[in-house]
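Colleague: Got a sequence here, can you build the structure:
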Amino acid sequence: MTSLSIRLTLAGLALSFATAAIGQSGDWYVAPSLIWNDDDVFRAIDDSVSGVQINVGRTMTKHLTLEGLLGYSDISTEPCEPGDCFPGQRHLDLGANLLAFYDRDSSFAPYLLVGVGYLNVNLEPGTDFNRDSGNSSATSTGGLGVIWRMGDSSWSIRGEYRARVAFDDMTLDDRIATVGVLYNFGGRRSDPGTPDTNIDTDGDGVLDMWDECENTPHGVEVTSRGCELKNIDRDEDGDHVYDSVDECPGTPIGAPVDQRGCSLDSDMDGVTTDKDRCPGTRAGAEVNIYGCENDDDRDGVPNHRDQCPDSRPGARVDVSGCEIRDIISLPGVNFETGFDILLPGTEYILKGAADILNRYPDMQIEVAGHTDDVGDASSNQGLSERRAKTVLHFLIRYGVSEDRLTYTGYGESLPIADNTTPEGRATNRRVELRLVDP
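Modeller: Numbers count the residues shown, from 1 in each chain. So this is what the prediction gives:
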């Protein structure tokens, strides 16, 4: 046999073992056995118990098993005239077999076998046989066998008889019988009464260990628990709520639903999530058919925040809904006393201001910072600059282009309220957005 043929045979064996390794359905087993050789008449060697074999396999489906084998035989020669028969020889047999069962779970389980392999033969030295000391050849095999299970044990007795054809310079046809034991690990347990976790008795695709209806008729559609899928258990719109309790049977595919099967309304504004363009509206707000808060003058500021509810159509408005003149006030944008750290909640106001500025991309803005007159004037000047810069960075974070913005600190120089009262001083501690001529 050529080296190319040997490599092809070994590649076939490797592929078979790889297929077994990725099998999805079953248990592994190992089966050592004794070999009885009935060699081709041309070899003229003794028919006898001549060696050992070990099979390693895995269950692939309910009816099929894939296995590999390794066998070794030391066969003596029958008396013959020199040059008329083979000398004694040693066989190394490698192969991959496919076993087909009718009922593998029967206590007495017969099977059919087909396979391919590789046979290496070494001849005994000191003979006058006119061949090399050995040869190698590809083989094919076919036969039948039986596995006799020992109750609930993991052990079984295995017997097999097969024909092996070796493709040498001439075709040699051998008969091989084996008998031995088989140990199954992974499914059947040695403890009586423990079920095989890989068994699906009624063939519905649900293993017995999960099957709550073990005898469903063949071919019927079943639930994940192996019970027949009846109309009461159907879910036509695929929202994971059975039709029998689904109050909204036509929900869009993929739309989130509640336990009644109806589209969720995450902000509870009466508009379902799949239609809500403003899914984060505040609790209790009046919304339109799109789930957004009402804005009667359509200036982009919802009614509950609009301090100028009758703005002219198309007018530029600030965060309070009032027309922009020279200054956009930011009421509610406050800082910790003596610091440039924004108080909690002011980010929401700055997000609204950024939305307004993004609506009018032609506007150039100066962020102006102011303080009250408490403390040193130079210190207040620096503090007002830092506060203005903080607001500028927030506006940039919310999408306002940096090249539209500048910042200036005015310190305590431009009060708009009386600094002698706490209320007035709080009013003077402010940041404003000033329109700058382009």
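
Colleague: mind listing the helices for the stretch 1-150 of the chain?
Modeller: 3-21 (DSSP state H, counting those that start in this stretch).

Colleague: per the record, what domains does the protein have?
Modeller: Using automatic domain parsing, the domain parsing of the chain gives 3-185, 326-436.

Colleague: quick one: residue 352 from residue 394, how far?
Modeller: Using Cβ to Cβ, to the nearest Å, we find residue 352 at a distance of 11 Å from residue 394. Yep, even glycine has a C-beta here, placed from its N, CA and C like the rest.

Colleague: cool, residue 61 as well?
Modeller: For residue 61, the distance to residue 394 - Cβ to Cβ - is 64 Å.

Colleague: out of those two, which sits in the busier spot?
Modeller: Taking other Cβ atoms under 10 Å, residue 61 and residue 394 do not tie; residue 394 has more neighbours (19 against 14).

Colleague: hang on, the earlier thing: so which of the domains of the chain is nearest residue 246?
Modeller: Across the domains of the chain, residue 246 has its closest neighbour in domain 3-185 (34.7 Å, Cβ to Cβ).

Colleague: quick check: mean pLDDT across the closest one?
Modeller: Averaging pLDDT along domain 3-185 yields 78.

Colleague: cool, and stretch 417-431?
Modeller: Average pLDDT, stretch 417-431: 88.

Colleague: What is the distance between it and the centre of its chain?
Modeller: Distance of stretch 417-431 from the chain centroid (Cα atoms, centre = their mean, to the nearest Å) equals 60 Å.

Colleague: surely residue 351 meets residue 399?
Modeller: No: Residue 351 is beyond contact range of residue 399, at 9.4 Å (criterion: Cβ atoms under 8 Å).

Colleague: Tell me which of these two has more neighbours.
Modeller: A count of neighbours by other Cβ under 10 Å puts residue 351 above the other of residue 351 and residue 399, at 15 against 11.

Colleague: quick one: buried residues of the stretch of helix or strand that one belongs to?
Modeller: Using DSSP states H and E, residue 351 sits in helix 346-359. Using 16 or more other Cβ atoms under 10 Å as the test for burial, helix 346-359 gives 346, 349, 350, 352, 353, 354, 356, 357.

Colleague: and if you look at stretch 424-438?
Modeller: Buried, per 16+ other Cβ under 10 Å, within stretch 424-438: 425, 427, 428, 429, 430, 431, 432, 433, 435.

Colleague: ditto for stretch 101-118
Modeller: 101, 104, 109, 110, 111, 113, 115, 116, 117, 118.

Colleague: Repeat that for stretch 279-287.
Modeller: So, applying 16+ other Cβ under 10 Å, buried residues of stretch 279-287: 279, 281, 285, 287.

Colleague: pLDDT score assigned to the first one?
Modeller: In the predicted model, residue 279 carries a pLDDT score of 78.

Colleague: Using JSON lines, lay out the buried residues of stretch 101-118 together with distance to residue 377.
Modeller: Converted to JSON lines, the buried residues of stretch 101-118 look like this (distance: Cβ to Cβ, whole Å):
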{"residue": "101", "distance to residue 377": "98"}
{"residue": "104", "distance to residue 377": "95"}
{"residue": "109", "distance to residue 377": "100"}
{"residue": "110", "distance to residue 377": "105"}
{"residue": "111", "distance to residue 377": "101"}
{"residue": "113", "distance to residue 377": "101"}
{"residue": "115", "distance to residue 377": "99"}
{"residue": "116", "distance to residue 377": "98"}
{"residue": "117", "distance to residue 377": "99"}
{"residue": "118", "distance to residue 377": "98"}
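
Colleague: and of those, the nearest to residue 139?
Modeller: Closest to residue 139, out of all of the buried residues of stretch 101-118 and judged by Cβ to Cβ, is residue 117, at 4.5 Å.

Colleague: give me the number of residues near the closest residue to the closest one other than its chain neighbours?
Modeller: Leaving aside its sequence neighbours, residue 117 sits nearest to residue 95 (Cβ to Cβ, 6 or more residues apart in numbering; 2.9 Å). Residue 95 is flanked by 25 other residues according to other Cβ under 10 Å.

Colleague: What is the burial count for residue 407?
Modeller: Applying other Cβ under 10 Å, we find 21 other residues in the vicinity of residue 407.

Colleague: helix/strand/coil for it?
Modeller: strand (DSSP: H, G, I helix; E, B strand; the rest coil).

Colleague: in the sheet, who's paired with it?
Modeller: residue 367 (DSSP bridges).

Colleague: contacting residues for it?
Modeller: Residues counted as contacts of residue 407 (Cβ atoms under 8 Å, 6 or more residues apart in numbering) are 366, 367, 368, 369, 385, 388, 389, 391, 392.

Colleague: What's the per-residue pLDDT of it here?
Modeller: Per-residue confidence (pLDDT) for residue 407: 94.

Colleague: How about the one 4 residues further on?
Modeller: Turning to residue 411, the model gives it a pLDDT of 92.

Colleague: quick one: it and residue 370 touch, right?
Modeller: Yes: the criterion here is Cβ under 8 Å, and residue 411 meets it with residue 370 at 7.4 Å.

Colleague: in what helix or strand does residue 240 lie?
Modeller: Going by DSSP H and E, residue 240 is not part of any helix or strand.

Colleague: what about it, neighbour count?
Modeller: The burial count for residue 240: 10, using other Cβ under 10 Å.

Colleague: any idea how far the residue nearest to it when sequence neighbours are not counted is from residue 289?
Modeller: Nearest non-adjacent residue to residue 240, counting by Cβ to Cβ, 6+ apart: residue 257, 7.7 Å away. For residue 257, the distance to residue 289 (Cβ to Cβ) stands at 21 Å.

Colleague: can you tell me which of the buried residues of stretch 424-438 are in strands?
Modeller: 431, 432, 433, 435 (DSSP state E).

Colleague: Correct me if wrong, but residue 215 is in a strand.
Modeller: No: Residue 215 sits outside any strand when classified using three-state DSSP, being coil.

Colleague: count of neighbours near the residue nearest to it when sequence neighbours are not counted?
Modeller: Using Cβ to Cβ, 6+ apart and skipping residues adjacent in sequence, the residue nearest residue 215 is residue 202, 5.5 Å away. Using other Cβ under 10 Å, the number of residues around residue 202 comes to 17.

Colleague: what does the one 10 residues further on give?
Modeller: Counted with other Cβ under 10 Å, the burial measure for residue 212 works out to 12 neighbours.

Colleague: again, but for residue 151
Modeller: Going by other Cβ under 10 Å, the residues that sit close to residue 151 add up to 10.

Colleague: swap in residue 244?
Modeller: By other Cβ under 10 Å, neighbour count at residue 244 equals 11.

Colleague: contacting residues for residue 381?
Modeller: Counting by Cβ under 8 Å, 6+ apart, residue 381 has contacts 409, 410, 411, 412.
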